[in-house]
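Engineer: Predicted structure and sequence below. I'll ask about it afterward.
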Amino acid sequence: MPGSAAIEAFRLSKTYGREVRALVDLDLRVERGEVFGYLGPNGAGKSTTIRLLLGLIRPTSGRASLHGLDTVAEGVASRRSTGYLPGDLRLADRLTGSEQLDSLARLRGTVDERLREELCERLGVVLDRPIRQLSRGNRQKLGIVQAFMHRPDLVVLDEPTAGLDPLLQAEVRALLRQTAADGRTVFLSSHSLDEVQHVADRVGIIRSGRLVDVDSVESLRERSLRHVTLTFDGPVDVSELAVLDGVRIAAVDGPHVRLSAPETAMDALVKAAARHRVVDLVSQPADLEEIFLELYREPGDGS
Amino acid sequence: MAAELARRGLRDHRRALVGWCLGVAAYVGMIAAIFPSIESSPQLDELIASYPDVLKSLFGLESGASLTSGPGYLDAELFSLMLPLLVLVLAIGSGARAVAGEEDAGRLELVLSYPLRRRDAVLAKGAAVAVEVLVVCAVAGLVLLAFDPLLGLDLSISRVLEALASLVALGLLHGWLALGLGATVPSRALAIGVPAGLAAGAYLVNGLHGLAGWLDPFRFLSSFWLVGSSPLGGGVDLVGVLVVLAAALVVLVAGSLLIERRDLETP
């Protein structure tokens, strides 16, 4: 429906049995033309959310809609202009790549043949070999092609770049950006901020079934920690580093200093370190679980 | 569209189906080819007459049928057990694979994320199961009709068609039950086990209800009793065949409706 958001969820919840609350009261709005990154550690509820949006599982309570079409009551219509890449993609092993795509094209009914060829060429899809002989990455490419080949208004991708080499990851990211530039919408899940930050406009963070934050990528990066290892040419007094805002010294071992710092403190940190003779500096993004621990510590977590 | 699922189901299974057809044709042909030597041994009938009733009734020989007549021989050797057994194994395997097996393998996830109604997917897969059953039954019938003039089986075409109809009905009931169960509950074991157990029970009830009085009231629940187990000699109960076909449709439609409301298993 014109005017409605690409994805809307209202208090969307999924409970398995009595206890397992896979998703709790998700309220979310993803606008058209946006690339939305859905981040969380494994088991946080990312795939549950996606499978609810695709109508593969039923919400325990709440509701969701794609382009204003309810995912339960109007499930078929809501999926018509949607492409989906499952997190654990299983294809028909005995078919060749092109037979599988042909079959899926007939199943969908509306496919842009030229777009399909273009995508296959662009990603270097292996079309003439049985799928069971293909590597994980080559299967994943087939999954990406089928998600895009009907030029959907919304693409939902569960960990799309899993199994792809860095070159292809970049190609897929470019594809996602182009999709958004067309005014179409991309919703992708990931467990790595690094993977999402180059492509997403906004990021939602989910933890233990609850959406804890929705933020722009920039502000999330500013708040997220880096792990920095500094090596000097001799032991130094670390107190001048420790006083910097947000910097925490983790370990000092002779000339080696390990610390964590938010991105906003990096400039001051490097300048402070530069007063000594620096042999090496390694800076790594903290992984998502650490970001959670740092930024989204729940009250009652015991700390 | 959903019809693609019927096409895919048949395509994925086409080699196995060819194998089934060859196997069934060879078996039926072999059994038929032995008939002339059976026909020339009338003492066989005396031997059979001395069998305990329970054996005669399990082999579809109860109505005083003669092993040395073509229809009586084929009823005993093919239609009372072996052909239904072969068709049921094919149908149950195919029905269980279509939904429960595909879900088990995680392949339903992508298919059901496409814009098609789940019930249409189940019905399309049901059509594929039906085609497999029909093809194998037709092959058995064609082999019999081809051998009839050569071996003097003395068959009537209408009786053969009725016998095949009863085979098809049994196949559809159990195949669609496997499909419908798989659509309702995500369990391949259940989708195979329940129809197989039901068929075994129905076969035993049909064979033994005349001897064990307490089974008698249950004979109406036996699909084998409903269609009749000596179709060429004794004839087929067409009402029974229709009842079995109706039951087959009911389980298929029920499965197609029940899958709509449930969660798909995570691959």
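Structural biologist: Nice, I can see it. Numbers count the residues shown, from 1 in each chain, chains lettered A, B, ... in the order given.
Engineer: all contacts plus neighbour counts: C-alpha atoms, from now on.
Structural biologist: Fine.
Engineer: List the residue ranges of the stretch 101-250 of chain B that fall below the pLDDT cut-off.
Structural biologist: Within the stretch 101-250 of chain B, no stretch has pLDDT under 70.
Engineer: quick one: contacts for whatever residue of it ends up closest to chain A?
Structural biologist: Proximity of the stretch 101-250 of chain B to chain A (C-alpha to the nearest C-alpha) peaks at residue B:115, 4.6 Å away. Going by C-alpha atoms under 8 Å, 6 or more residues apart in numbering or on different chains, residue B:115 touches A:75-80, A:108.
Engineer: Give me the three-state assignment for it.
Structural biologist: coil (DSSP: H, G, I helix; E, B strand; the rest coil).
Engineer: Report the secondary structure state of the residue lying closest to it once chain neighbours are set aside.
Structural biologist: Among residues not flanking residue B:115 along the chain, residue A:76 sits closest, at 4.6 Å (C-alpha to C-alpha, 6 or more residues apart in numbering or on different chains). Classification of residue A:76 by three-state DSSP places it in helix.
Engineer: just checking, residue A:76 touches residue B:117?
Structural biologist: Yes: Residue A:76 is within contact range of residue B:117, at 6.3 Å (criterion: C-alpha atoms under 8 Å).
Engineer: More neighbours: which of these two?
Structural biologist: residue A:76 (21 against 17; other C-alpha atoms under 10 Å in any protein chain shown).
Engineer: Next one, pLDDT for the more buried one please.
Structural biologist: pLDDT recorded at residue A:76 is 94.
Engineer: still on that earlier bit, may I ask which two of the contacts of residue B:115 are separated the most?
Structural biologist: Of all pairs drawn from the contacts of residue B:115, the greatest distance, 14.3 Å, lies between A:75 and A:108 (C-alpha to C-alpha).
Engineer: Between these two, tell me which one has more neighbours.
Structural biologist: Neighbour count, other C-alpha under 10 Å: between residue A:75 and residue A:108, residue A:75 has more, with 22 against 19.
Engineer: what's near enough to touch that one?
Structural biologist: Residue A:75 sits next to A:54-55, A:69, B:115 when contact means C-alpha under 8 Å, 6+ apart.
Engineer: quick one: secondary structure of residue A:199?
Structural biologist: Applying three-state DSSP: residue A:199 is coil.
Engineer: any idea how far the closest residue to it other than its chain neighbours lies from residue A:167?
Structural biologist: With sequence-adjacent residues excluded and distances taken as C-alpha to C-alpha, 6+ apart, residue A:199 is closest to residue A:173, at 6.1 Å. Computed as C-alpha to C-alpha, to the nearest Å, the residue A:173 to residue A:167 distance reads 10 Å.
Engineer: Repeat that for residue A:147.
Structural biologist: Separation of residue A:147 from residue A:167 (C-alpha to C-alpha) stands at 20 Å.
Engineer: ditto for residue A:267
Structural biologist: Using C-alpha to C-alpha, we find residue A:267 at a distance of 30 Å from residue A:167.
Engineer: which parts of the stretch 101-250 of chain A sit against chain B?
Structural biologist: Taking C-alpha under 8 Å from any C-alpha of the partner chain as the measure of proximity, the stretch 101-250 of chain A contacts chain B at A:103-104, A:106-109.
Engineer: Wasn't residue A:280 part of a helix?
Structural biologist: No: counting by three-state DSSP, residue A:280 is located in no helix; its state is strand.
Engineer: what residues are up against residue B:236?
Structural biologist: With contact taken as C-alpha under 8 Å, 6+ apart, residue B:236 is in contact with B:159, B:162-163, B:166, B:227-230.
Engineer: ok, which stretches of chain A are helices?
Structural biologist: In chain A, the helices defined using DSSP state H lie at A:46-53, A:75-80, A:97-108, A:113-123, A:136-148, A:166-181, A:193-197, A:217-223, A:239-242, A:266-273, A:288-295.
Engineer: now do the stretch 151-267 of chain B
Structural biologist: Per DSSP state H, counting those that start in this stretch, the stretch 151-267 of chain B carries helices over the ranges B:157-184, B:188-208, B:223-227, B:238-261.
Engineer: buried stuff in the longest one?
Structural biologist: By 16 or more other C-alpha atoms under 10 Å in any protein chain shown, the buried positions in helix B:157-184 come out as B:159-184.
Engineer: So what does residue A:201 have for phi and psi?
Structural biologist: The main-chain torsion angles of residue A:201 are listed as degrees, to the nearest 10 and equal phi -80, psi -50.
Engineer: Could you pull up the residues touching residue A:235?
Structural biologist: Contacts of residue A:235 (C-alpha under 8 Å, 6+ apart): A:254-256.
Engineer: which pair in the contacts of residue A:75 spans the largest distance?
Structural biologist: Between any two of those, the greatest separation by C-alpha to C-alpha is 12.7 Å, found for A:69 and B:115.
Engineer: Overlap in contacts, the two.
Structural biologist: Shared contacts of residue A:69 and residue B:115, counting by C-alpha under 8 Å, 6+ apart, come down to A:75, A:77-78.
Engineer: Please, where are all the helices along the stretch 1-150 of chain B?
Structural biologist: Secondary structure of the stretch 1-150 of chain B (DSSP H, counting those that start in this stretch): helices at B:3-12, B:14-39, B:43-49, B:53-58, B:70-74, B:82-96, B:102-104, B:108-112, B:118-151.
Engineer: could you redo these as JSON lines and give each row mean neighbour count and distance to residue A:215?
Structural biologist: Listed next are those as JSON lines, based on neighbours: other C-alpha atoms under 10 Å in any protein chain shown; distance: least, C-alpha to C-alpha, whole Å:
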{"stretch": "helix B:3-12", "mean neighbour count": "18", "distance to residue A:215": "42"}
{"stretch": "helix B:14-39", "mean neighbour count": "16", "distance to residue A:215": "52"}
{"stretch": "helix B:43-49", "mean neighbour count": "14", "distance to residue A:215": "85"}
{"stretch": "helix B:53-58", "mean neighbour count": "18", "distance to residue A:215": "74"}
{"stretch": "helix B:70-74", "mean neighbour count": "24", "distance to residue A:215": "76"}
{"stretch": "helix B:82-96", "mean neighbour count": "23", "distance to residue A:215": "47"}
{"stretch": "helix B:102-104", "mean neighbour count": "19", "distance to residue A:215": "37"}
{"stretch": "helix B:108-112", "mean neighbour count": "21", "distance to residue A:215": "30"}
{"stretch": "helix B:118-151", "mean neighbour count": "20", "distance to residue A:215": "37"}
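Engineer: For the ones you listed, give me TSV that also has distance to chain A.
Structural biologist: Shown next, in TSV, are the helices of the stretch 1-150 of chain B (distance: least, C-alpha to the nearest C-alpha, whole Å):
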stretch	distance to chain A
helix B:3-12	6
helix B:14-39	12
helix B:43-49	50
helix B:53-58	42
helix B:70-74	39
helix B:82-96	16
helix B:102-104	10
helix B:108-112	7
helix B:118-151	9
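Engineer: Now render the ones you listed as TSV, adding distance to residue A:22.
Structural biologist: Output for the helices of the stretch 1-150 of chain B, formatted as TSV (distance: least, C-alpha to C-alpha, whole Å):
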stretch	distance to residue A:22
helix B:3-12	31
helix B:14-39	41
helix B:43-49	66
helix B:53-58	54
helix B:70-74	59
helix B:82-96	30
helix B:102-104	21
helix B:108-112	18
helix B:118-151	24
